[in-house]
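A.B. asks: Have a look at this fold, sequence not included:
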Ligand code: HEC
């Protein structure tokens, strides 16, 4: 994607997120534009998983991407999910990201355990750390 397109996308995401905040639409309202993607992480043969395994990308798209498109931040450009920025903000481990989901700094929505299990939260955190450089 070229720089200009990225910038435009970022701007429209910023507008969208401002709108969402004004009308205080809940999280479920956030995901209306998302492609429905059912991703299943590979499970080693012979193991059975009691609950469906959702991969980090799918979870991120569902819960985070509206405000963090491509790891950016639609409303606070100092708080993106890019590795260098996370490091500057002392976020270096999956636990650090999970902590922010459970207890955001200010404007981010809180994700409690009934929304995102510890396992899903950790899967997202690991995805964020390995994906956005
Ligand atoms: C409603 C919009 C919104 C959603 C949804 C959202 N965030 Fe955020 N996020 C923010 C904002 C705004 C900040 C800046 C700090 C603040 O105001 O809370 C932020 C900050 C962060 C930070 C700190 C970044 C830094 O550089 O300091 C992390 C990590 C983060 N979000 C992860 C996530 C994850 C993971 C999800 C999905 C589970 C998510 N966020 C969903 C809006 C959102």
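C.D. replies: Cool, got the structure. No experiment lies behind these values; they were computed from the predicted model shown.

A.B. asks: Name the residues of the protein found near the ligand, please.
C.D. replies: Residues of the chain found near the ligand (C-beta under 6 Å from any ligand atom) are 17, 63-64, 66-68, 73, 75-76, 79-81, 85-86, 89, 91, 97, 100-101, 104-109, 111, 124, 128. To be clear about C-beta, it is placed using only N, CA and C from the backbone, and glycine gets the same treatment.

A.B. asks: Let me know how buried the residue nearest to residue 110 when sequence neighbours are not counted is, in neighbour terms.
C.D. replies: Taking C-beta to C-beta, 6 or more residues apart in numbering as the measure, residue 110 lies nearest to residue 104, with 5.6 Å between them; neighbours along the chain are not counted. By other C-beta atoms under 10 Å, the residues close to residue 104 number 12.

A.B. asks: Can you tell me which helix or strand of this structure has the lowest average pLDDT?
C.D. replies: Within the chain, judged by mean pLDDT, DSSP states H and E, the helix or strand with the poorest mean is helix 27-30; its value is a mean of 48.

A.B. asks: what's the helix or strand following that helix packed up against?
C.D. replies: Going down the chain from helix 27-30, the next helix or strand is helix 56-63, by DSSP states H and E. Packing contacts for helix 56-63, counted by 3 or more C-beta pairs under 8 Å, 6 or more residues apart in numbering; DSSP states H and E, involve helix 118-131.

A.B. asks: Now the terminal residues of stretch 81-92, how far apart.
C.D. replies: Between the opening and closing residues of stretch 81-92 we find a distance of 11 Å, counting by C-alpha to C-alpha, to the nearest Å.

A.B. asks: Tell me how far residue 102 lies from residue 108.
C.D. replies: 11 Å (C-beta to C-beta, to the nearest Å).

A.B. asks: ok, now residue 100?
C.D. replies: 7 Å.
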